Structure formats: structure tokens, C-alpha cells
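In: this one's sequence-less:
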């Protein structure tokens, strides 16, 4: 393999990693506060992609308007999801909450099949992103370069909210100790709603980018990225936003490079993430940047 | 007559009645009815063994589909004749020992169970290092890995082509026989001191440990027994549908089992049985919503996929509003049955 092809693969890996990272942030934030794997989080990618298709084709909004709009709408959808599927179970055993999340995930997928149909739709990719540019001798798609940049921008925005605003402070407090935060007079329902909003809108950004990268939108498109993003979150240390991003990049790079370096492993690509997960849990159960888990019951 | 003897006689009577029903359907039932009955039995086996881990141990295990797949492939590969195997494996030939062996169905089912158990044992070490949500995702991941391997290891599983033309060995007697054995074994297990230990772990692992219960040993045994029966059920399933491929046993199968045990009641064997029967029957009955409905003056077109939407809604409604399901953690028993009967005759 020439160095050029290798570099090209590295860029691809970073760009895939940035997608995993965006989705992983949502998992990590929800997990940090509710201690819940939001199984339906991956399906928000699908919801966002379909919403974007309708915004662009049906209402013929320009993509500069519709993409941010979709992020807001998906964020609101995330709040709705919490209200319907998770809020009634706040006091319930964790297993019920997790089953509810699995149910919500299946409901979204199957509702999409019933309402829209199982046939994949193509995503209206703006031509700007499809252009191929020459980057120091490497021919890469603009999208591949934009994706990590956008992820970084969104991450910085999120870190600002979490570390510099009052809501962010409350979120951090809630993830440390739910009960005490409530006793301090903080409206936890609002904090949870904000968490779901932020996480879901980031998933929406991830979903639209995923749909531009693989321009086939179908009701099950969110399952695999969702699972891998969760693994990325665990890898980085669940509950830790920066860790989720690091985990996402490790997973994305690892997946692309393993196929690039060992082409005969290509069939096993989807098993890579889970193998990494098992190894991480064996040797470092709280992830790369994770704090020791304190049992919060 | 003391109660334990009465219960034994009642159980025997129940088995005789079941046998009669099966005999009648075997003789006079349509193919469709027999198929549903077979499905019922296989779902009972799967649900009861799945509930052992999820309901009684309190571990959210999301990988039974992996063990069902392993069981199905093992059993299928062992019953196919060498000639059939040569015909099926067109891209890559089957590896040596498997390509020449052929064993009777009964042996293949036991082998299916044992292979599933061996795999369960191998993954139990990473799985039981973690608890709660992590366990859910690791087991789910194992299911995915097994599916990927089935696709990739062409010289063992024939890859995406799958195995076709298996002999339909699974009859009502086989499927219900296995179901009865599973229910008896798991009921005995749950009511033994071992069962009390796993329930103690479910309620409070730290306290159970302090009382001298070894969580790893107890949970592992439950996990292994559960995978054994899942594997056997996989073998039955393979010889019922006669064509298996990696796409058949996705997470979707696990999801269905999860619905059954949640609706039946996490931690109730009789609940699982009732829910599994309802599911096998209701799953067919609900096909109505997918076929066009004609009301005389207007027609509702059939909506494919509607069944799955209904199933998801049922699961969510049950878990949100009626978390305990049909039976909660209690069981149907002859004692209760007779107690109710006595009350009614008195009044």
C-alpha cells in the first residue's frame, strides 16, 4: 500500500469516527444522567434523515435552513421520546427502563416501515459536499473533510454549554448525584429534557451526515451506527463527553484501518466493534477516560 | 389425600390431556394448525429458558438468538447426509469432520444444546464481569458477532446462502416433548435451593454474597442451562422451517422473546407459557391487520409491518403501565386452583 492510500484511509477513518463521536455524545449524556442505554438513540439518525428528506423535497427548503431545522425538530422529538417512554419509569427498576428503550427503538423502526415504507429513499445531498478536492495530493470528498470539522464545532459548542452555563452545571450535578441535585431545588425534569434535546440534535447532525455519506435512507439505517456509537461511548468511558469523542475516533479509525491493512478481514468488520468492546470491558471496564463506576441505585 | 400426591396426579392428568390434544391435532388438524402448535411449543421452550436468566436472575441478556443460531446450525449440519452437504456447499466445501458425519435427529438436538452451552461457557467470562446495561450490550454484541461469523465462515455455515432442504423432523411430539422437559427441569430448578439463591442474587447481590452465595457460579449455571435449551429449540426450529440462513436469527427474534417474557411476567414460568402461547397464536391472528379489510362499502388496504408496530406498542404499554405483566412473579399452581375452586363451591 502506498503512503497516499494509507493517508486517504486515515482521513476516511477520521471522518467515520467523527460520525460515531456525534452519536456517542448523546448516549453518554443520557447515560450520565439517567443511567440508561437509550436504545432508541440510533433510530433518531433515521428520524432525522427522513425529516431532512421531507424538509428538502416536500417543503423545498434550502438545505442551509432545513439541516439546522431538522436538528431542532429531532431534539424536540428526543424530549417527546423521554416523556412517553422513559419518564413514567423514573422510579421503576432499571431493567424496565431498558426494555422500554428497546421497545421504543422497535416502534420507531416499524412505524417508519408502515408510514414511509421499507424501500430505501435517496438523500438529497447538496452538490457542495459531493465535490472532490485535491488535498496535498490526496483526492478526497469535501464531505469527508467537513464531517470532522463540524463534529469539532458542535463538540466545542456542547462543551461550552456543559461547562459554562447554568444548565450545564445542573447537568453535571445530576450526573454525579441525582437525588441530591433534586434536593438542591433543581428542576430535574427540565435538565433531563435539555439533555435529551442536545443529545438528539447531535444525533440528527450525525444522521444527516451519515445519509450524505451513504445516501440510502431506510428504516433500519440507525441500528448499526447506534450500536457502534454506544460502544464508542463505553470505550471512552461512559458519561464522559470528551471520552465519547475519543472513543468514536478510535472505533472509526480502527474499523477503516483494519480493513485497509488486512483486506481478508473485510467480512469481519462489523464484529470488530464488539470485539473491542469485550476487550475493553475485560481490561478496563470503565473505559479509557472513565471514572470508577459508583453504583447509583 | 395429601397435596403433593394430588398435585402429581393432576400434573399427570394434564400431560395426558395435552397428549390427547396433540394426538387429535396430529390426526385431524390442518397443516396450518399443526404449524402454530409447533411454534407454540418452541416459543414455550425459548421463553421459559430465556426467563430463567432475565426474570429469575435479573440479568438483561439480549443474546438468546446467538444460542438459537448455534443450535440450529449444529443440528442442521449433523442431520444432513454427506451427499446433501456436498450439494449445498457450492462455494467452499464443508470442513472435514462435519462433511462426513450424519446422526439421528435426537442426537443432533442434544449436540445442538451442548454446542450452545459450550459457546455460552466461553463468553460467560467477559459477560459476567459486568452487570446491568453492560451485560445487555455485550450479549447483544455476541448475537451480532455470531451473525457476522455465520456470514463469513463459509466452510462451516455456507455463508449467506444458508442451509436448505433440511428434513422436517420436528413433529408435535418432538416440539411439545422438549417444551414439557424444559418446563419441568426449569420449574424444579427454580424451586430448589439453587433457585432461591439466584432469586437472592436478583434482589441484592451484595447481601447474597454476604450470605455465602457465589454469584458467578449461580448465574453461570442459569446462563448455561438457558443456552442449552435455546440451542435445542434452535435445532427444532431449523427442522421445522427446513431452511436456515444467518438473516433468520437476528435481534428481532430476541425482541419477540423479550415481549413474551415481559408480557407473561419477568420471573414467572407459567406467565411465560401463557404469553408464548398467546404470541404464537396472536402473531398469526394479527395477520388480519396486514391483509386488506373489506367493510362492504370501503376497503382498508393491508399495511405490511403493522403487526410489528402493534407488538412494539404492546411491549411498551405493558412495561410502562402494567410492569408486572400477566402473572407478575407468581405462578399458577394446583394449590391455588383448588383454593379458588373451594371458595366458589362454598359461596
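Out: That came in fine, so what should we check first? Please read these numbers as outputs of a predicted model, since none were measured by experiment.
In: all contacts plus neighbour counts: C-alpha atoms, from now on.
Out: Noted.
In: quick one: buried residues of whatever helix or strand residue B:12 lives in?
Out: Following DSSP states H and E, one finds residue B:12 within helix B:3-28. Neighbour counts over helix B:3-28 (16 or more other C-alpha atoms under 10 Å in any protein chain shown) mark B:19, B:22, B:25, B:26 as buried.
In: Equivalent analysis for stretch A:279-288, please.
Out: A:280, A:281, A:282, A:285, A:286, A:287, A:288.
In: counting contacts, what elements does the strand or helix carrying residue A:140 pack onto?
Out: For residue A:140, the host element (DSSP H and E) is strand A:138-141. Under the contact criterion of 3 or more C-alpha pairs under 8 Å, 6 or more residues apart in numbering or on different chains; DSSP states H and E, strand A:138-141 touches helix A:3-34, strand A:132-135.
In: residue contacts, residue B:42?
Out: B:175, B:176, B:179, B:233, B:236, B:237 (C-alpha atoms under 8 Å, 6 or more residues apart in numbering or on different chains).
In: Tell me the one among these nearest to residue A:139.
Out: Closest approach between these and residue A:139, by C-alpha to C-alpha: residue B:237, at 50.8 Å.
In: Tell me, how many residues neighbour that closest one?
Out: Using other C-alpha atoms under 10 Å in any protein chain shown, residue B:237 has 27 neighbouring residues.
In: same check, this time on the one 5 residues further on
Out: Counted with other C-alpha under 10 Å, the neighbours of residue B:242 add up to 17.
In: Which parts of the chain are strands?
Out: You didn't pick a chain, so chain A it is. A:121-122, A:132-135, A:138-141, A:216-217 (DSSP state E).
In: The intended chain is chain B.
Out: B:293-294, B:299-300.
In: Can you give me the separation between the closest residue to residue A:224 other than its chain neighbours and residue A:221?
Out: The shortest distance from residue A:224 to any non-neighbouring residue, by C-alpha to C-alpha, 6 or more residues apart in numbering or on different chains, is to residue A:42 (7.8 Å). Here residue A:42 is placed at a distance of 8 Å from residue A:221 (C-alpha to C-alpha, to the nearest Å).
In: Which residue of those two possesses the greater neighbour count?
Out: residue A:42 (30 against 23).
In: my guess is that one contacts residue A:220, does it?
Out: No. Contact criterion C-alpha atoms under 8 Å: residue A:42 and residue A:220 do not qualify, at 9.3 Å.
In: didn't residue A:248 look like it was pressed against residue A:28?
Out: No. With contacts defined as C-alpha under 8 Å, residue A:248 does not count as touching residue A:28, sitting 11.5 Å away.
In: so what sits against both of the two?
Out: With C-alpha under 8 Å, 6+ apart as the test, residue A:248 and residue A:28 both reach residue A:233.
In: Share the number of residues neighbouring residue 56, please.
Out: No chain was given, so I picked chain A. A count of neighbours around residue A:56, defined by other C-alpha under 10 Å, yields 20.
In: wrong chain, I was asking about chain B
Out: Residue B:56, neighbours per other C-alpha under 10 Å, totals 26.
In: check contacts around it.
Out: B:190, B:195, B:198, B:199, B:202, B:266, B:267.
In: Would you enumerate the residues in contact with the last one?
Out: By C-alpha under 8 Å, 6+ apart, residue B:267 lies in contact with B:51, B:52, B:54, B:55, B:56, B:328, B:329, B:330.
In: Most neighbours out of those, which is it?
Out: When neighbours are counted by other C-alpha under 10 Å, residue B:51 leads these with 30 neighbours.
In: Settle this for me: that one is touching residue B:269, isn't it.
Out: Yes. Between residue B:51 and residue B:269 there is a contact under C-alpha under 8 Å: 7.4 Å.
In: was I right about residue B:236 contacting residue B:167?
Out: No. With contact defined as C-alpha under 8 Å, residue B:236 does not reach residue B:167; the gap is 11.1 Å.
In: Neighbour count: those two, which is higher?
Out: When neighbours are counted by other C-alpha under 10 Å, residue B:236 comes out ahead of the other of residue B:236 and residue B:167, with 32 against 16.
In: Need phi/psi at the closest residue to the more buried one other than its chain neighbours.
Out: Leaving out its chain neighbours, the residue that sits closest to residue B:236 by C-alpha to C-alpha, 6+ apart is residue B:170, at 5.8 Å. Dihedral pair for residue B:170: phi -70, psi 110, per degrees, to the nearest 10.
In: Look at residue B:170 and report its pLDDT.
Out: Per-residue confidence (pLDDT) for residue B:170: 89.
In: now residue A:29
Out: In this prediction residue A:29 is given a pLDDT of 91.
In: Please say whether there is contact between stretch B:76-96 and chain A.
Out: No. Stretch B:76-96 lies out of reach of chain A by C-alpha under 8 Å from any C-alpha of the partner chain, never closer than 15.4 Å.
In: Name the residues that touch that stretch?
Out: B:98-105, B:108, B:154-156, B:158, B:163-164, B:166-167, B:235, B:238-239.
In: Give me the below-cutoff pLDDT ranges for the stretch 51-200 of chain A.
Out: Within the stretch 51-200 of chain A, not a single segment meets pLDDT under 70.
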